[in-house]
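In: What follows is a predicted protein model with its sequence.
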Amino acid sequence: MPMYVRFQASKELQDLAYELIEKARDGGKLGKGANEATKYVERGQAKIVIMAEDVTPEEILAHMPILCEEKNIPYTYVPSKEELGNAAGLGIPTSAIAIVNPGREKDLVENIIKKIESVKKQG
C-alpha cells in the first residue's frame with residue numbers, strides 16, 4: 001500500500017466516490033488533479049477529496065492526507081487514477097479530485113463521510 005494511503009476504502013465506498021464525482025461534475029464543481037485539489041483544500045473550499053491509490057511517484061500525494069486532516073476535510077481512496085479521470089470526465093488519468101461543490105449531491109457526500117469515519121475507526 002502506498003505511504004499516503006491511510007486506510008483501505010471498501011468497494012462500496014469506492015463505488016460511491018466514483019458515483020459522487022460523476023454526479024458532481026455535471027451540477028457541481030470539481031478540482032481536478034493534485035495541484036487543484038491541494039489549492040481547494042488549503043483554502044478550506046473542498047468538501048471531500050478522492051485520491052487514486054496507483055499514483056507514482058507517491059510524493060505527488062504524500063502531503064494530501066495530512067493537509068486534509070489539518071483542514072478537517074474528509075478524504076478517501078479509489079484504486080485507479082484511470083477510473084478517477086474517467087469519472088471526472090477528463091478522459092485522462094488523474095491523481096486526485098476535490099469536490100468543491102457537490103451540486104445536488106449533498107446527501108451522497110454526507111453518506112460517504114459517515115462511511116469514511118467508520119472505516120477510519122475500524123483501522
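Out: Happy to help now that I have it.
In: how far away is Val78 from Leu90?
Out: 14 Å (CB to CB, to the nearest Å). Glycine gets a C-beta too; all of them are placed from N, C-alpha and C.
In: Looking at the two now, which is surrounded by more residues?
Out: More neighbours surround Val78 than the other of Val78 and Leu90, with 23 against 15 (other CB atoms under 10 Å).
In: anything in contact with each of Val78 and Leu90?
Out: Overlap of the contact sets of Val78 and Leu90 (by CB atoms under 8 Å, 6 or more residues apart in numbering) is empty.
In: Contact partners for the most centrally placed residue in the chain?
Out: Centrality entry for the chain: nearest residue to the mean C-alpha point is Ile50, 0.9 Å, by CA atoms, centre = their mean. Counting by CB under 8 Å, 6+ apart, Ile50 makes contact with 17, 20-21, 75-78, 84, 96-97, 99.
In: three-state assignment of Ala46?
Out: coil (DSSP: H, G, I helix; E, B strand; the rest coil).
In: try Tyr4
Out: In the three-state summary, Tyr4 is assigned as coil, counting by three-state DSSP.
In: Kindly report the same for the one 5 residues further on.
Out: The three-state assignment at Ala9 reads coil, by three-state DSSP.
In: pLDDT at it, what is it?
Out: Ala9 carries a pLDDT value of 93.
In: show me what contacts it?
Out: By CB under 8 Å, 6+ apart, Ala9 lies in contact with 17, 76-78, 116, 119.
In: now it: how far from Leu67?
Out: Here the criterion is CB to CB. By it, Ala9 lies 18 Å from Leu67.
In: before we move on, the earlier item: any idea how far the helix or strand containing the residue nearest to the centre of the chain is from the chain center?
Out: Here Ile50, judged by DSSP states H and E, is contained in strand 48-52. In terms of CA atoms, centre = their mean, to the nearest Å, the centre of strand 48-52 is set 1 Å apart from its chain centre.
In: again, but for stretch 25-43
Out: From the chain centre to the centre of stretch 25-43 is a distance of 9 Å (CA atoms, centre = their mean).
In: quick one: average confidence on that stretch?
Out: Per-residue pLDDT over stretch 25-43 has a mean of 96.
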